[in-house]
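> pasting a predicted model and its sequence here:
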Amino acid sequence: MGSGSVAPPTFGDLKGELALIRREGIVRLRLLDLPALTRLARACGEADPDQVVEAPLIEEVIRRGLDELGGGRLGECALLIFGLEPGTRADSPTQLRREAAERWGLSEARFRRDPQELILTQLADALLRRAHQHQQRMAHLNLERRLPTTSRLAVSWLERFEAYYRVWTPITGLAGDLNAYRFTLIEEGRPYDRVPGTDGPGDLGYSQENQAAGYLTTALWHFTCYLVGVQRHLQRFGGMWLLSDARAEQELADAVYRIGWHSPNNERDDSYLRGLYEQAGGELHPFRVLLETDRIGKATEAEWHEWAAQCRCIWRTEAEVEQEPYPTHRHHAGVDRGCQLHAMVAACNDFCALVDDDWKRVADWYRLPAEAVGMVRESGLYEDWGVRS
């Protein structure tokens with residue numbers, strides 16, 4: 001743990017104090033002795049190690065923990081039993097529990113035995129998780145500044161970046177194939193065209209459009225891998241994209257959201273694709289075979305192609321810039337700001353740039369070259385090697 005940081009309290013101490021507040025009521029917070037919550041406020045960075053922690057700050061810490069429980073029955077009843085739902089602050093703890101039991105759909109006795117214990121446990125875990133995330137963020141900054149930090153936290157950061165790059169990989173593939181799809185359609189000279197019979201009697205021919213369609217179906221594969229990666233990240237880290245500062249974290253989470261939002265899929269479509277991925281064993285060829293032979297798969301692929309066909313953007317490859325691996329409206333006048341395909345590409349660019357920038361801040365601490373992480377552009381390789389017959 002870095003200099004000046006405070007270790008969080010134990011789970012048992014924290015849960016005990018939350019139970020005490022529930023019994024006494026939030027209005028008596030100032031009268032209670034709460035060393036565990038005081039320690040937690042410091043461990044979360046809400047107060048300096050030697051700062052006096054007043055009741056309003058402890059209440060704010062509890063509220064933030066309750067926010068992490070989300071909505072639904074659990075979150076609503078948690079707010080209620082602590083008197084933090086609007087209009088309930090002055091109600092007695094007994095009345096609050098009675099109302100929470102009614103909302104849960106149980107008798108007060110059963111609510112006290114089961115859901116109330118679940119709420120206290122989940123809230124204590126959420127608060128400890130916030131403290132852990134703050135420690136990781138501080139460890140990241142210490143790594144960047146080359147200040148002391150524990151090897152445990154350093155390894156934890158390395159594990160997180162490994163997880164991020166497992167999502168980074170399909171995202172780069174997605175952006176690359178979407179870019180290749182549209183670039184192939186607008187490429188001059190139509191180098192992929194082949195008239196039927198060129199390679200013998202059985203040759204059905206080939207076209208620029210066939211080549212572009214292939215890129216687009218592979219882009220759907222990368223999109224599916226992205227969906228699987230995000231779901232696994234949600235299961236492993238609770239969906240928390242932890243970086244060196246809160247603004248970068250929000251931008252990264254926004255980029256992930258935008259990639260999905262700009263697709264033509266709904267949540268059921270995404271679920272179908274994840275299931276197809278598992279059925280195919282995570283391999284491209286069986287995935288494409290299943291996609292082409294399944295009725296829903298055919299419809300999903302057709303909708304993906306119809307979505308992409310709405311793109312009418314044109315850009316010059318010589319105008320590409322280092323700031324973005326793939327063209328977007330930000331640096332290319334020919335790319336329409338309202339194009340859904342290129343909005344997805346822009347979100348992919350943003351995700352990769354945010355992860356790469358954050359990694360470069362700490363890579364030398366691990367004695368790993370920051371330059372090892374980077375994106376090879378297929379357009380550059382294409383220009384270097386050309387189309388080989």
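Received it, and whenever you're ready, just let me know what you need.

> Three-state assignment for S244, please.
Secondary structure, DSSP: H, G, I helix; E, B strand; the rest coil: S244 is coil.

> tell me the domain ranges of the protein?
11-149, 152-385 (automatic domain parsing).

> among these, which comes closest to S5?
S5 lies closest to domain 11-149 among the domains of the chain, at 6.0 Å (Cβ to Cβ). Any C-beta I mention is one placed from the backbone N, CA and C, and that applies to glycine too.

> pLDDT of that closest one, averaged?
Averaged across domain 11-149, pLDDT comes to 86.

> off-centre distance for that domain?
Between the centre of domain 11-149 and the centre of its chain there are 25 Å (Cα atoms, centre = their mean, to the nearest Å).

> can you give the contact residues for stretch 104-124?
By Cβ atoms under 8 Å, 6 or more residues apart in numbering, the list of residues contacting stretch 104-124 from outside reads 11, 14-15, 18-19, 22, 62, 65-66, 69, 73-74, 77-78, 81, 97-98, 100-101.

> okay, how far is it across it, tip to tip?
20 Å (Cα to Cα, to the nearest Å).

> and it, what's buried?
W104, L106, E108, F111, P115, Q116, I119, L120, Q122, L123, A124 (16 or more other Cβ atoms under 10 Å).

> in helices, which of the residues you listed fall?
Members of these lying in helices (criterion: DSSP state H): W104, E108, F111, P115, Q116, I119, L120, Q122, L123, A124.

> for the residue nearest to E68 when sequence neighbours are not counted, give me its contacts.
Counting by Cβ to Cβ, 6 or more residues apart in numbering, E68 lies nearest to A126, which is 4.2 Å off, once chain neighbours are set aside. Contact analysis of A126 by Cβ under 8 Å, 6+ apart lists G65, L66, E68, L69.

> also A347?
Neighbour list for A347: A255, V256, R258, I259, H262 [criterion: Cβ under 8 Å, 6+ apart].

> selecting buried members of those residues in PyMOL, what would you type?
Per 16+ other Cβ under 10 Å, the buried members of those correspond to this PyMOL selection:
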select buried, resi 255+256+258+259+262
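
> okay if I get the ones in helices among the buried residues of stretch 104-124 as JSON lines plus distance to L276?
Below are these laid out as JSON lines (distance: Cβ to Cβ, whole Å):
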{"residue": "W104", "distance to L276": "38"}
{"residue": "E108", "distance to L276": "47"}
{"residue": "F111", "distance to L276": "42"}
{"residue": "P115", "distance to L276": "38"}
{"residue": "Q116", "distance to L276": "42"}
{"residue": "I119", "distance to L276": "38"}
{"residue": "L120", "distance to L276": "41"}
{"residue": "Q122", "distance to L276": "34"}
{"residue": "L123", "distance to L276": "38"}
{"residue": "A124", "distance to L276": "39"}
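
> was I right about Q133 contacting W241?
No - assessed by Cβ atoms under 8 Å, Q133 is found out of contact with W241, at 10.7 Å.

> for the stretch 151-300 of the chain, which segments are assigned as helices?
Secondary structure of the stretch 151-300 of the chain, counting by DSSP state H, counting those that start in this stretch: helices at 151-186, 208-237, 246-261, 267-279, 284-293, 295-309.

> send the alpha carbons of the helix or strand harbouring H342 over as PDB?
Following DSSP states H and E, one finds H342 within helix 340-362. Taking Å, rounded to 0.1, in the frame of the first residue of the first chain, the C-alpha atoms of helix 340-362 are listed here in PDB:
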ATOM      1  CA  GLN A 340     -23.600   4.600 -37.800                       C
ATOM      2  CA  LEU A 341     -20.800   2.400 -39.100                       C
ATOM      3  CA  HIS A 342     -18.200   5.100 -38.700                       C
ATOM      4  CA  ALA A 343     -19.600   6.100 -35.300                       C
ATOM      5  CA  MET A 344     -18.900   2.500 -34.200                       C
ATOM      6  CA  VAL A 345     -15.400   2.800 -35.700                       C
ATOM      7  CA  ALA A 346     -14.900   6.100 -33.700                       C
ATOM      8  CA  ALA A 347     -15.900   4.400 -30.500                       C
ATOM      9  CA  CYS A 348     -13.500   1.500 -31.200                       C
ATOM     10  CA  ASN A 349     -10.700   4.100 -31.800                       C
ATOM     11  CA  ASP A 350     -11.500   5.700 -28.500                       C
ATOM     12  CA  PHE A 351     -11.500   2.500 -26.500                       C
ATOM     13  CA  CYS A 352      -8.100   1.500 -27.900                       C
ATOM     14  CA  ALA A 353      -6.500   4.900 -27.400                       C
ATOM     15  CA  LEU A 354      -7.700   5.200 -23.800                       C
ATOM     16  CA  VAL A 355      -6.400   1.700 -22.900                       C
ATOM     17  CA  ASP A 356      -3.100   2.300 -24.700                       C
ATOM     18  CA  ASP A 357      -2.500   5.700 -23.200                       C
ATOM     19  CA  ASP A 358      -3.100   4.400 -19.700                       C
ATOM     20  CA  TRP A 359      -0.900   1.400 -20.200                       C
ATOM     21  CA  LYS A 360       2.000   3.600 -21.500                       C
ATOM     22  CA  ARG A 361       1.900   5.500 -18.200                       C
ATOM     23  CA  VAL A 362       2.900   2.500 -16.200                       C
END
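
> thank you kindly, that will do.
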